[in-house]
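Engineer: Structure for the following, please:
(one chain, ligands or ions: 2)
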Amino acid sequence: MGFFDGFRVTIRQVFEPRVTHRYPDEKRSKPPRFHGRHVLGRYEDGMEKCIGCELCAGVCPARCIYVRGADNPPDAPVAPGERFGFVYEINYLRCIHCDLCVEACPTEAITESKLFEFSFVDRQDAIYTKDELVVDDEGHPRQQPWEDWRPGDDAHTSGWMRATSPNGDAAFEGRVQWSGELGYGVRHPEAGQVGDRDDEATGNISIREVDAADIPRRYGGRYR
Ligand code: SF4
Ligand code: SF4
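Structural biologist: Ligands and ions are numbered 1, 2, ... in the order given. Here you go, the predicted structure:
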């Protein structure tokens, strides 16, 4: 009898719901505030949002952003205003995905996507250049040879979060100005940012409104 007692736990597990997925062919949905690799956005008219102000580089605790701004050519401006991001690099061997760069950016130029599956064989590939970070002519991230994407993985590239209110003014808490964006139109507020958020557009849910027991069902794992 003791022999079978030893299998009790194993046999019980056989009847538990399966929580594993056939990754990477099947990917479970990512948490609402997942921080993946960055993209540099563009306005709907194709202009780049980055103005080369270097605030993101200044705030980065890992010192992994390198920016150099330059004056916009008057006859062919790259970004609205006087300056644009001439050089822009992020070193993913150092980035801790804290999102402070996103918080600091005054033009919503840099955001973090939900793309995270990349593996380099060359350390140089870990340093994403501006050409790799700026979204393409349709507003979508540019897939690099070392990135593993499946259809739909870039669906919420525009998804991001901002923990603080614009301009630091408490009167604006929870309200965000959403600028037009190439490929996604006007960006929709995410869960918890405004009362009239559009969860269907962002694919997000508010953690606060989800029963704790429901979270494992949505994101894997088990709740006891
Ligand atoms: S997410 Fe954090 S660590 Fe990564 S580049 Fe931005 S500020 Fe730096
Ligand atoms: S990404 Fe934003 S914060 Fe960084 S240099 Fe460009 S405009 Fe400035």
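Engineer: C-alpha from now on. contacts and neighbour counts both.
Structural biologist: Will do.
Engineer: Okay, now the sheet partners of the longest strand anywhere in the chain, with direction.
Structural biologist: Taking DSSP state E as the criterion, the chain has its longest strand at strand 83-91. Using DSSP bridges, the strands paired with strand 83-91 are strand 65-71 (antiparallel), strand 127-128 (antiparallel).
Engineer: So which of the ones you listed is nearest ligand 2?
Structural biologist: With C-alpha to the nearest ligand atom as the criterion, ligand 2 lies closest to strand 65-71 of the strands paired with strand 83-91, at 6.1 Å.
Engineer: and that closest one, how far from the chain's centre?
Structural biologist: 22 Å (C-alpha atoms, centre = their mean, to the nearest Å).
Engineer: for this protein, what spans make up the helices?
Structural biologist: 2-5, 8-14, 55-59, 100-104, 130-133, 199-202, 215-219 (DSSP state H).
Engineer: what does the chain have sitting close to ligand 1?
Structural biologist: Neighbours of ligand 1 within the chain, by C-alpha under 6 Å from any ligand atom: 60-62, 64-65, 95-101.
Engineer: Write out the residues of this protein neighbouring ligand 2.
Structural biologist: So far as C-alpha under 6 Å from any ligand atom goes, the chain lies against ligand 2 at 50-56, 85, 104-107, 109-110.
Engineer: change it to 8 Å
Structural biologist: Residues of the chain that fall close to ligand 2, judged by C-alpha under 8 Å from any ligand atom: 40, 49-57, 67-69, 84-85, 88, 101-102, 104-110.
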